[in-house]
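Colleague: Can you look at this prediction? I've put the sequence above it.
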Amino acid sequence: MSLFLRFALVFGTITFLVCWLTYRILKRRLGLSSTANRNLALFLSFCGLLMIMGPVSNRVFNTPATSLPDYFLQWSQFTLLGWIGTLFLVFVFLEILQLLSKPFDPAKRIFLTTGVSRGLVAGATASSMIGMFEATAGPVTQEVTIRLPALPKSFDGFRIAQISDVHIGPLIHRDYLENVAQRVLALKADAIFITGDLVDGTVDQLKTEIEPLSRLQAPSGVYFCTGNHEYYSGVHDWIKHLESIGIHVFKNSNRILTRKGSGGDEHVMIAGVYDHSAHRYEESHRTDPFAACKNETEVKCKILLAHNPFSIKEAAAAGYDLQVSGHTHAGQFYPYSFIVKTVLKYSEGLYRVNDKTQLYVNRGTGFWGPPNRLGKRSEITHLILKSGA
């Protein structure tokens, strides 16, 4: 079975299951009339169908990003996906809370099953609207200073602009990327890192939309490593296209940066790996941080671009000083961000992995799926590297 068919089957099953369970919970808790319950069932069925049609139609028909009908379809279905997903989660939490609570009198039970439930529906709706505003407002610039003891003195103050998980595609278009590119250039960084999940669509669909990236320039280079979404979108075509507009794509490989120091030439290695899950789609793209740092030049400081923070175990074993990642979106919006932070060891921000290795996880410069970044605004990261402990 093809990757697309597997996605459609799994996504469709989960979507209808969530819609059905949400209906069952709301029917029991909201105290609606039979007519209102029937309308609720029809509405959630329509939502489920729409949420499946959106991503499937975009892939099947290879719809141009400039198509207004498709944009409306995608925006509607992803907004509903986020809203219903939030409803489902908060009501599951309420069900668990009620099971764990002590018995109480019937009057209080009626209040819990109607008043509180209706308040949660209103709250989920309001939070989705606020989250939509935060998503469409674009990223904030997050400045982070990282001390690397192995960083040569000549590289002290080396500045990196990082973007990650932009997800140019059905909902994020050229105008969004124009803003990102302008703000990245304004940082006047020494190097620019793009740590995967740049696109959701083929080169034919999005070639014009990502054109602002061709204007990115930095004295020490513009670098890219693949994320999992590149493998859903034609990874070989994207690698070729990005290289054609001046972006260096790492393929378990590296580049050595050299500056004059007081005692002669000093070096820093910038390396990058294929996505952590790439081998599932392309065996030759199996991620390998050890292979990525092989070089004849003696280098004391090594920095790795790896889309998925899960690469950090091998990166630390290979002796990297810093890994720069994305992928998690920090959960993207509450309440999912709370779950992601609870489940994942590395979800956002700066971590010290061991005495040598550190990890920075970008929250994502765009968004995927629901246009919602409630409490987890997207970011452009401005990393400032300092030598010494």
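Modeller: Yep, that arrived.

Colleague: what's around S57, how many residues?
Modeller: Here the number of neighbours of S57 (other Cβ atoms under 10 Å) works out to 17. Every C-beta, even on glycine, is put in place using the N, C-alpha and C of the backbone.

Colleague: residue contacts, N372?
Modeller: By Cβ atoms under 8 Å, 6 or more residues apart in numbering, the contact set of N372 is G82, S128, G131, M132, E134, A135, Q332, F333.

Colleague: For whichever strand or helix holds the first one, what does the pLDDT average out to?
Modeller: If I follow you right, that is G82. For G82, the element it lies in under DSSP states H and E is helix 68-100. For helix 68-100, mean pLDDT rounds to 87.

Colleague: before we move on, which element is the residue nearest to C301 when sequence neighbours are not counted in?
Modeller: Using Cβ to Cβ, 6 or more residues apart in numbering and skipping the chain neighbours, the partner closest in space to C301 is A150 (4.3 Å). Of the helices and strands defined by DSSP H and E, none includes A150.

Colleague: Any figure for the gap between A150 and F310?
Modeller: Distance, A150 to F310, using Cβ to Cβ, to the nearest Å: 24 Å.

Colleague: Those two: which has the busier surroundings?
Modeller: Between A150 and F310, counted using other Cβ under 10 Å, F310 has the larger neighbour count: 19 against 15.

Colleague: mind checking the SS state of the more buried one?
Modeller: Using DSSP: H, G, I helix; E, B strand; the rest coil, the structure places F310 in helix.

Colleague: residues in contact with it?
Modeller: Contacts for F310 were tallied using Cβ under 8 Å, 6+ apart; they are H276.

Colleague: In terms of pLDDT, where does it sit?
Modeller: Looking at F310, its pLDDT stands at 96.

Colleague: same deal with T113?
Modeller: 69.

Colleague: do the same with G261
Modeller: G261 carries a pLDDT value of 87.

Colleague: What separation do you get for it and L359?
Modeller: Per Cβ to Cβ, G261 is found 27 Å from L359.

Colleague: now K345
Modeller: For K345, the distance to L359 (Cβ to Cβ) stands at 10 Å.

Colleague: do H173 as well
Modeller: 31 Å.

Colleague: okay, the two: which has more neighbours?
Modeller: Under the neighbour definition other Cβ under 10 Å, H173 and L359 were set side by side, and L359 has more, 23 against 17.

Colleague: what's the offset of the helix or strand where the more buried one lies from the middle of its chain?
Modeller: Per DSSP H and E: L359 is located in strand 358-361. Centre-to-centre, strand 358-361 and its host chain are 15 Å apart (Cα atoms, centre = their mean, to the nearest Å).

Colleague: Would you confirm that A150 contacts D321?
Modeller: Yes - using Cβ atoms under 8 Å, A150 is in contact with D321, at 5.3 Å.

Colleague: which residues are in contact with both of those two?
Modeller: Listed as contacting both A150 and D321 by Cβ under 8 Å, 6+ apart are C301, K356.

Colleague: sorry, back to before: need the contact partners of the strand holding L359.
Modeller: Outside strand 358-361, the residues within contact range by Cβ under 8 Å, 6+ apart are 144, 146, 148, 162, 309, 312, 315, 321-328, 330, 346-353, 381, 383.

Colleague: among those, which ones are buried?
Modeller: For the contacts of strand 358-361, a burial check counting by 16 or more other Cβ atoms under 10 Å picks out 144, 146, 148, 162, 309, 312, 315, 321-328, 330, 346-348, 351, 353, 381, 383.

Colleague: low pLDDT regions in the chain?
Modeller: Along the chain, the parts satisfying pLDDT under 70 run over 1-4, 101-113.

Colleague: make it 50
Modeller: Regions of the chain meeting the criterion pLDDT under 50 cover residues 1.

Colleague: Strands of that one, residue ranges please.
Modeller: 140-148, 158-163, 191-194, 222-224, 248-249, 253-261, 264-272, 301-305, 322-325, 349-352, 358-361, 379-387 (DSSP state E).

Colleague: any chance of these in CSV, with distance to V90 too?
Modeller: Shown next, in CSV, are these (distance: least, Cβ to Cβ, whole Å):
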stretch, distance to V90
strand 140-148, 27
strand 158-163, 32
strand 191-194, 35
strand 222-224, 38
strand 248-249, 41
strand 253-261, 45
strand 264-272, 39
strand 301-305, 37
strand 322-325, 30
strand 349-352, 26
strand 358-361, 26
strand 379-387, 26
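
Colleague: Name every strand pairing with the strand holding L359 and say which way it goes.
Modeller: Here strand 358-361 has these sheet partners by DSSP bridges: strand 322-325 (parallel), strand 349-352 (antiparallel).

Colleague: Tabulate these (TSV), appending distance to S34.
Modeller: TSV is the format used below for the strands paired with strand 358-361 (distance: least, Cβ to Cβ, whole Å):
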stretch	distance to S34
strand 322-325	52
strand 349-352	50
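
Colleague: and C301, how far is that from R159?
Modeller: Separation of C301 from R159 (Cβ to Cβ): 15 Å.

Colleague: Between these two, which has more neighbouring residues?
Modeller: C301 (22 against 17).

Colleague: show me where this structure has helices.
Modeller: Along the chain, counting by DSSP state H, helices occupy 3-30, 34-60, 68-100, 106-111, 117-136, 174-186, 203-206, 235-244, 289-292, 312-317, 336-343.

Colleague: the inter-axis angle of the third one versus helix 117-136?
Modeller: If I follow you right, that is helix 68-100. With axes from the mean of the first three to the mean of the last three Cα atoms, to 10 degrees defining the directions, helix 68-100 sits at 140 degrees from helix 117-136.
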